[in-house]
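Trainee: Predicted coordinates and the sequence they were generated for:
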Amino acid sequence: WYQRRVRKQWYQRRVRGGSLLLLMLGVVLVQWKEGATADTSSSSLIGLGALTCATLTSGFAGVFFELMLKSSNKSIWIRNFQLALVSCVVATGNVLLTQQEHISTKGLLHDFNGTIIAVILSQAYGGLLIGLVVQFTDNIVKVFATSISIILSTLLTIFYLHELSFTLRFGVGLLLVLTSTVIYGTNPPKPKAKSE
């Protein structure tokens, strides 16, 4: 009985790992730009290094955010406010350093309109949703949700904005992302027992 259970857990871990690889491949295929080639090998190396750094820091931030939400007795609203406060300080510093001339001539809120405010509210709402997803599930589910949002955004661009065309590569990528999501969802990780 014990060996069967261990084999089943081993199989489920392998299936979930395989679904993450399918997800990665699907997102790469969907995001692949047609005709994008590197000019030199050094620019490819710089791009690979930047991509590796972005992946590692994003993964660390996601895991740290999940740890912060689940290991603390503070509410998700307090944690989101703390993160938003830090983000505002960093963004304000960036704007003041890079846009001094624009701010001094036209003012800080010169280019704000209804569309910009809608995007800001959408991002704030999305941040709250991500916090809820991570608090009640895990970081990997957030990754799947983000991947599906990339697919939906690309579909919107193809069929509504007509800026991209539906290609075989996109169709295969779409199929891989959806398949990996179904595979991961039908093989959920075993919930951890809560210590008293």
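Mentor: Structure's in. What do you need? Numbers count the residues shown, from 1 in each chain.

Trainee: got a pLDDT number for the residue sitting nearest the centre point of the chain?
Mentor: Centroid-nearest residue in the chain: residue 146, 4.4 Å away (criterion: C-alpha atoms, centre = their mean). Note on residue 146: pLDDT of 75.

Trainee: Let's verify it: helix, strand, or coil?
Mentor: helix (DSSP: H, G, I helix; E, B strand; the rest coil).

Trainee: Distance check, it against residue 184.
Mentor: 13 Å (C-beta to C-beta, to the nearest Å). Bear in mind the C-beta positions are built from the backbone N, C-alpha and C, glycine included.

Trainee: Within the helices and strands, which one has residue 62?
Mentor: helix 41-70 (DSSP states H and E).

Trainee: Skip ahead from that helix and say which helix or strand is next.
Mentor: helix 76-98.

Trainee: So, low pLDDT: which residues of this protein?
Mentor: 1, 33-42, 44, 139, 188-196 (pLDDT under 70).

Trainee: cutoff 90 now
Mentor: For the chain, the stretches flagged by pLDDT under 90 are 1-88, 91-92, 94-196.

Trainee: Relative to residue 146, how far out is residue 154?
Mentor: Taking C-beta to C-beta, one finds residue 154 at 13 Å from residue 146.

Trainee: what do you get for residue 45?
Mentor: Counting by C-beta to C-beta - residue 45 and residue 146 are separated by 27 Å.

Trainee: what inclination does the helix or strand hosting residue 150 have with respect to helix 41-70?
Mentor: In the assignment (DSSP H and E), residue 150 maps to helix 139-156. Taking axes from the mean of the first three to the mean of the last three C-alpha atoms, to 10 degrees, helix 139-156 and helix 41-70 form an angle of 120 degrees between their directions.

Trainee: Could you pull out the buried residues of stretch 157-165?
Mentor: By 16 or more other C-beta atoms under 10 Å, stretch 157-165 has no buried positions at all.
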